[in-house]
Structure formats: C-alpha cells, structure tokens
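Chemist: Structure, please.
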Amino acid sequence: MDRPEIDSYLYAKNSMIHRMDPMTKVISVLLWVISAAIAIDIRTAAFVLLLSFIMIIAAKLPAGFIFRRIRSPFLFVLLFAAALLLSGGEGGILWSAGRINISAESAARASLILIRSTAAIILLTVLLATTRFDMIIKVLYDLKMPVFLLQILMFTYRYIFVLSDELDNMKNSMTSKGFRPALSMRSFSAVANMLGMLLIKSFERGDEVYRSMISKGYTGKPMILTKNKMRAKDYAFVSAAIIAAFAIHIPALFQSGIFDSVI
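Modeler: Purely as a prediction, here's the structure:
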C-alpha cells in the first residue's frame, strides 16, 4: 500500500523542531496560521511566509518533500486567486486583453490570498511532518477543542488508508474483468457502482469499529500515555511566537489609522 508521506520525516530527522514539545509546536503554528489568515496587507502576509520558510530550514525538511505536500492545496488556492484576479476592481488597469481586465486592486487581493494561504499550508505541513498525529490530537484536546471534531480527525487519519486500500482492490478487480475507463454511460455506471459499494463498506466498517471500541471501554476522549512536558526553552519559543504573531500586525494597524483615535 502506498500511503501518503504525511509523516515520513517524523523519525528521519533530528532537528530542533522535531525535539520541541508538541504543545509548543501546535500553539506556535496555530498562532502564525491565524496571523496569516487575518493579515490585511501583503507585507504582513509575506512576513508570515518568511516565518514558514524559516520553519522548513529549522526542521531540516527537503524542499521536494514540502513541494509534494503543498502541491494539491496550492493548486486549489491558485485557482481561487486567479478568479479574484479576473474579478475586476478599482484602480488602474495593469493588463487588458479583450474583455479581460486586471486591475491593481484585483492583483493586490489575489496576491494577498495567495501569500496568506501558502504560508498557512507550509506551516501546517511542517507541523504534521515533525509531530506525531496522535500527539497533535492530544494537544488539541488539552486546548479544549470540541471532542467530536477530534474524533472526526482521528478516524479520518486512521481509516483513510484502509478505504484507499479498499478502493485500490475494487479498481484492480474491475480492471481484471476487462473494465477500461471511457466517456460512456457504461463506464460512468460502473464507476458509480464502485463508489456506492465503497460507501456501503465504509458504513459497515464504521459500525464494526464503533462496536469494537465501545466494548473496549472507549469514551470518546483521546487516551495517550505520553504526557506533554514543556521545558524552559519551550516556554521561551511560545512567548517569542506570541510576540511575533502580534508584532507583525503593528505596522499595518498604524498605517490603517486604527490607533489615531486612541492616541
């Protein structure tokens, strides 16, 4: 089974990011992701993007690995940014071809969305590549994230590979029986039947897993024996992350004039 290399560098590297307490990494990354999401200008978003590149270097993760992990979500963000780019807006026209006009405002909005999203994706990729997924769930539980969301995350991570195996087996079975994908109603019908069977199998497997876990005393709470032990350097890193998350927005806030009434 070819599993996605979500955490293939979890034990392959020995960097300062790998050695950090999971609580430290989760809090810092969440703060910076939120900072990227609420950035109101390109310079602020670019600073968070710079932080994400520093995290890659500190974690000693290969550029090829990061590129493979962010490729799919980046393409989705790129399509959204392209739609914003062509949506028009105020300001001078930077480029025009027929009925397509790209204004300065639309270019700025598209660039802001692209930089913010790329920074957030890279930060989350570094977190997943350097921290055990069960420890991330434990930290989120300690941070009082809703339990039902944590259960969705846990079961998705655990069984997405199982369902992927089921899908591969069904595809191999269909191929061995002479099925070839084509743009025809017969092909569409076969694919729909396959997806329907996969959905039914997922329901059946989910019911079996639920009954098995209930019989073993599962209460819905993450039960992890390893405890988070934040040391002095972890507290120092979190403090620096909090300061950076707030400090990068100060120039933009002053420029927007939000402090004028206060001063």
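Chemist: going forward, measure contacts between C-alpha atoms and count neighbours the same way
Modeler: OK.
Chemist: okay, stretch 155-164 in PDB with CA atoms only?
Modeler: What follows is the C-alpha trace of stretch 155-164 in PDB, where atoms were taken according to Å, rounded to 0.1, in the frame of the first residue of the first chain:
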ATOM      1  CA  PHE A 155     -10.900   8.400  12.500                       C
ATOM      2  CA  THR A 156     -10.200  10.100   9.200                       C
ATOM      3  CA  TYR A 157      -6.500   9.800   9.600                       C
ATOM      4  CA  ARG A 158      -6.800   6.200  10.800                       C
ATOM      5  CA  TYR A 159      -9.100   4.800   8.200                       C
ATOM      6  CA  ILE A 160      -8.400   6.900   5.100                       C
ATOM      7  CA  PHE A 161      -5.600   4.400   4.300                       C
ATOM      8  CA  VAL A 162      -8.000   1.500   4.800                       C
ATOM      9  CA  LEU A 163     -10.600   2.900   2.500                       C
ATOM     10  CA  SER A 164      -7.800   3.700   0.000                       C
END
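Chemist: Only the buried residues of that stretch, if you could.
Modeler: Neighbour counts using 16 or more other C-alpha atoms under 10 Å place 162-163 of stretch 155-164 among the buried residues.
Chemist: try stretch 18-33
Modeler: Within stretch 18-33, the residues that qualify as buried by neighbour count (16+ other C-alpha under 10 Å) are 18, 20-33.
Chemist: Which of these scores worst on pLDDT?
Modeler: For the buried residues of stretch 18-33, the model is least confident at residue 18; its pLDDT is 84.
Chemist: Which secondary structure element is home to it?
Modeler: Using DSSP states H and E, the secondary-structure element containing residue 18 is helix 16-19.
Chemist: same thing with residue 134?
Modeler: Element membership of residue 134, judged by DSSP H and E, is helix 133-142.
Chemist: For the helix or strand containing residue 155, name the packing helices and strands.
Modeler: Under the assignment given by DSSP H and E, the secondary-structure element containing residue 155 is helix 147-176. Contact partners of helix 147-176 among helices and strands, from 3 or more C-alpha pairs under 8 Å, 6 or more residues apart in numbering; DSSP states H and E: helix 133-142, helix 185-215.
Chemist: Out of those helices, which is the most enclosed?
Modeler: For the helices and strands packed on helix 147-176, the largest average neighbour count (mean count of other C-alpha atoms under 10 Å) is found in helix 133-142, namely a mean of 18.
Chemist: now the angle from that one to helix 147-176?
Modeler: On the basis of axes from the mean of the first three to the mean of the last three C-alpha atoms, to 10 degrees, helix 133-142 is oriented at 150 degrees to helix 147-176.
Chemist: Show me what helix 133-142 is packed against.
Modeler: Helices and strands in packing contact with helix 133-142 are listed as helix 22-37, helix 147-176; criterion 3+ C-alpha pairs under 8 Å, 6+ apart.
Chemist: Dump those to CSV, plus distance to residue 240.
Modeler: CSV is the format used below for the helices and strands packed on helix 133-142 (distance: least, C-alpha to C-alpha, whole Å):
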stretch, distance to residue 240
helix 22-37, 9
helix 147-176, 28
